[in-house]
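A.B. asks: Here's a sequence, model it:
(one chain, ligands or ions: 3)
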Amino acid sequence: MSVKDQIDNHKIPRHVAVIMDGNGRWAKKRGFSRVFGHKNGVNAVRDTVEAAAELNIEALTLYAFSTENWNRPKAEVDTLMHLLVNSLKKELPVFQKNNIKLLTIGNIDKLPKKAKNELLDVIEKTKNNTHLNLTLALNYGAREEIINATKSISKKIVNNELNVEEIDENIINSHLYTFTLPGVDFLIRTSGERRISNFLLWQIAYAELYFTEVLWPDFNKENFYQAILDYQSRERRFGKTSEQIDDSKQ
Ligand code: IPE
Ligand code: IPE
Ligand code: MG
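C.D. replies: Numbers count the residues shown, from 1 in each chain. Ligands and ions are numbered 1, 2, ... in the order given. Now for the predicted structure:
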């Protein structure tokens with residue numbers, strides 16, 4: 001039985017987030033510059049998006065550029081921005097064909113104009129699509145997101161639009177960049193690194209974590225299915241005991 005056939009369609013995570021890591025090392029291993037790794041990473045993005053759409057996953061969030069990634073050499077940052085523009089242009093027909101809606105999280109005002117405009121164009125053109133919510137995290141930092149949410153909430157309190165006592169999980173959720181998305185069920189990181197690197201800190205509070213040695217440009221549909229299968233083997237207890245979870249199944 002293929003890996004895909006082993007997947008239980010009734011236990012599909014609603015929201016999968018991916019830290020796409022290892023492009024630089026993939027290229028270095030082959031004697032190329034880091035940029036070559038980024039170019040090849042685009043294929044893995046396509047595979048992952050298609051696999052997620054096939055499995056009827058509701059939301060897929062991809063970490064494409066962090067607030068910390070501006071600290072990389074300028075030539076590398078420029079290439080990443082060019083790749084973003086070109087890939088968005090190329091992928092638009094794929095998004096339309098598969099009914100995929102593009103969203104973004106992060107501060108896109110800091111992106112080069114061309115990248116920001118292309119992004120807004122594809123978001124506009126796909127806004128009525130209903131199958132998969134594909135969110136690109138661009139110039140995204142979870143701490144910055146929490147700072148911004150805190151500022152917006154504080155302003156509402158100062159303006160008497162909100163009472164301090166009313167602040168709860170829902171209020172915080174509704175002030176995050178991800179306000180339209182369900183919480184993250186499953187977080188995948190490639191390349192063997194076992195860290196979060198300032199990604200979705202609030203949203204992954206109860207996510208299952210999955211780390212694979214595969215470098216991002218090599219990551220394909222089979223790897224994605226394998227990860228989903230691993231997710232399905234886990235017992236999500238949310239603070240309860242294993243026995244309580246078993247009882248509720250009966
Ligand atoms: C991930 O690959 C892509 C981005 C962060 C944009 P890296 O470029 O971080 O690859 P490694 O970690 O150096 O191998
Ligand atoms: C995280 O990867 C950011 C993205 C995948 C876009 P990094 O490669 O930048 O993370 P660190 O700095 O090694 O933790
Ligand atoms: Mg990296």
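A.B. asks: C-alpha only now, for contacts and for neighbours.
C.D. replies: Noted.
A.B. asks: got the buried residues for the lengthiest helix in the chain?
C.D. replies: The longest helix of the chain (DSSP state H) is helix 74-97. Neighbour counts over helix 74-97 (16 or more other Cα atoms under 10 Å) mark 76, 77, 80, 81, 83, 84, 85, 87, 88, 92, 95 as buried.
A.B. asks: Now render those residues as TSV, adding pLDDT and distance to residue 13.
C.D. replies: TSV is the format used below for the buried residues of helix 74-97 (pLDDT from 0 to 100; distance: Cα to Cα, whole Å):
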residue	pLDDT	distance to residue 13
76	97	34
77	98	32
80	97	29
81	98	30
83	97	29
84	97	27
85	95	29
87	97	26
88	96	26
92	97	25
95	96	21
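A.B. asks: From those residues, pick the one nearest ligand 1.
C.D. replies: Set against ligand 1, the nearest of these by Cα to the nearest ligand atom is residue 80 (6.9 Å).
A.B. asks: just the strands in this protein please.
C.D. replies: Using DSSP state E, the strands of the chain run over 15-19, 59-66, 100-105, 132-140, 186-189, 208-211.
A.B. asks: quick one: pLDDT of residue 1?
C.D. replies: Note on residue 1: pLDDT of 89.
A.B. asks: Same check on residue 247?
C.D. replies: 88.
A.B. asks: count of residues packed around it?
C.D. replies: 8 (other Cα atoms under 10 Å).
A.B. asks: And it, how far from residue 94?
C.D. replies: 44 Å (Cα to Cα, to the nearest Å).
A.B. asks: again, but for residue 221
C.D. replies: For residue 221 relative to residue 94 (Cα to Cα), the value is 16 Å.
A.B. asks: again with residue 217
C.D. replies: From residue 217 to residue 94 the distance is 19 Å (Cα to Cα).
A.B. asks: ok, now residue 152?
C.D. replies: Distance from residue 152 to residue 94, by Cα to Cα: 36 Å.
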